[in-house]
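Novice: I would like the atomic coordinates for the input below:
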Amino acid sequence: MKQLLEFLGFIALMQGSGGLVYELTGKLRWGVTQRWSALDGYEIYVSVALIVLAFALFAAAESRKS
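Specialist: Numbering: from 1, shown residues only. Next comes the predicted model:
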């Protein structure tokens, strides 16, 4: 379970940081936030939320027993 939480945290961190990089620079258009049309206009907020979610998942994984 710990490895699953860490994996999901890593994915969320990569998607969130990729979304922020794209919104701030216009490069690296590979994130989920650019692909979903329902998120138009909210890409920065969703990217920040994904980064916060990633840190929460890392904290949850750290609190689990191995």
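Novice: From Leu4, how far out is the spatially closest residue to Gln34 that is not a sequence neighbour?
Specialist: Leaving aside its sequence neighbours, Gln34 sits nearest to Tyr22 (CB to CB, 6 or more residues apart in numbering; 5.9 Å). C-beta here means a position set from N, CA and C on the backbone, and glycine is covered the same way. Using CB to CB, to the nearest Å, one gets 27 Å for the distance from Tyr22 to Leu4.
Novice: same thing with Ser37?
Specialist: Distance from Ser37 to Leu4, by CB to CB: 29 Å.
Novice: now swap in Trp36 and tell me
Specialist: Distance of Trp36 to Leu4, given as CB to CB: 24 Å.
Novice: Kindly report the same for Gly31.
Specialist: Plainly put, Gly31 is 21 Å away from Leu4 if you go by CB to CB.
Novice: which of Tyr22 and Leu4 has more neighbours?
Specialist: Neighbour count, other CB atoms under 10 Å: between Tyr22 and Leu4, Tyr22 has more, with 19 against 11.
Novice: Helix or strand: which one has that one?
Specialist: helix 2-25 (DSSP states H and E).
Novice: Work out the gap between that helix and the centre of the chain.
Specialist: Computed by CA atoms, centre = their mean, to the nearest Å, the separation of helix 2-25 from the middle of its chain amounts to 3 Å.
Novice: what does stretch 41-56 give?
Specialist: 6 Å.
Novice: what does that stretch rub up against?
Specialist: 9-10, 12-13, 15-20, 22-23, 31, 33-34, 39 (CB atoms under 8 Å, 6 or more residues apart in numbering).
Novice: Just the buried ones from those?
Specialist: 9, 12-13, 15-20, 22, 31, 33-34 (16 or more other CB atoms under 10 Å).
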